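Enquirer: Provided below for reference: sequence and predicted model.
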Amino acid sequence: MAYVTRRVSDLSGTEGAESDFAALTVRRYPGLEKPVQLDVTPEEIKELKDNEEVVIVEVKQPGSNESELVHMLRDDFDALAPKDNMAELLGQARGTRGRRPGTRVNGNGG
């Protein structure tokens, strides 16, 4: 006796080999309580494009160990900066490792 496993696209029902499929993880969608993953073919998602007008920020509130991803329009995010200089402000911000641009560690720039 043999077992046969079929891989099928969640979007179109297209059948193929395991190596033919990509994983599409949906992290936020109205009514979605937790991330889900879809099996898709590269052809089905070739038109997916990153929207440069959307900014994704991560917010961690005081006293919390949890963070939240917030997606917002770039214009709304830019308006948070004084004098509409968000690009300059971001250029001077510390990196995620805590160092500001130009900080010297053990005599090395970085």
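Expert: Structure's in. What do you need? Numbers count the residues shown, from 1 in each chain.

Enquirer: hey, let's count contacts and neighbours off CA atoms from now on
Expert: Noted.

Enquirer: list the buried residues of stretch 74-89.
Expert: By neighbour count on 16 or more other Cα atoms under 10 Å, the buried set for stretch 74-89 is 77-78, 86.

Enquirer: I'd like these written out as CSV, with distance to L38 and pLDDT added.
Expert: As requested, the buried residues of stretch 74-89 are exported to CSV (distance: Cα to Cα, whole Å; pLDDT from 0 to 100):
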residue, distance to L38, pLDDT
F77, 31, 94
D78, 34, 93
M86, 36, 92
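
Enquirer: next, give phi and psi for L69.
Expert: Backbone geometry at L69, expressed as degrees, to the nearest 10, gives phi -90, psi 130.

Enquirer: any idea what it is bridged to?
Expert: Judged by DSSP bridges, the bridge partners of L69 are E58.

Enquirer: so what's it up against?
Expert: Residues in contact with L69 (Cα atoms under 8 Å, 6 or more residues apart in numbering) are 56-59.

Enquirer: run a quick neighbour tally on the closest residue to F21 other than its chain neighbours.
Expert: Spatially, and ignoring its direct neighbours in sequence, F21 is nearest to T41 (4.8 Å; Cα to Cα, 6 or more residues apart in numbering). Each residue near T41 was counted by other Cα atoms under 10 Å, and the total is 22.

Enquirer: measure the most centrally placed residue in the chain to Q92 for me?
Expert: Nearest residue to the geometric centre of the chain (Cα atoms, centre = their mean): I56, 7.1 Å. Counting by Cα to Cα, to the nearest Å, the separation of I56 from Q92 is 19 Å.

Enquirer: ok, T14 touching R6?
Expert: No - using Cα atoms under 8 Å as the test, T14 is too far from R6 to be in contact (10.2 Å).

Enquirer: low-scoring stretches of this structure, by residue?
Expert: Applying pLDDT under 70 to the chain flags residues 98-110.

Enquirer: if we use 80, what do you get?
Expert: 4-5, 84, 97-110 (pLDDT under 80).

Enquirer: so where's the longest helix in it?
Expert: Determined from DSSP state H, the single longest helix within the chain is helix 86-92.
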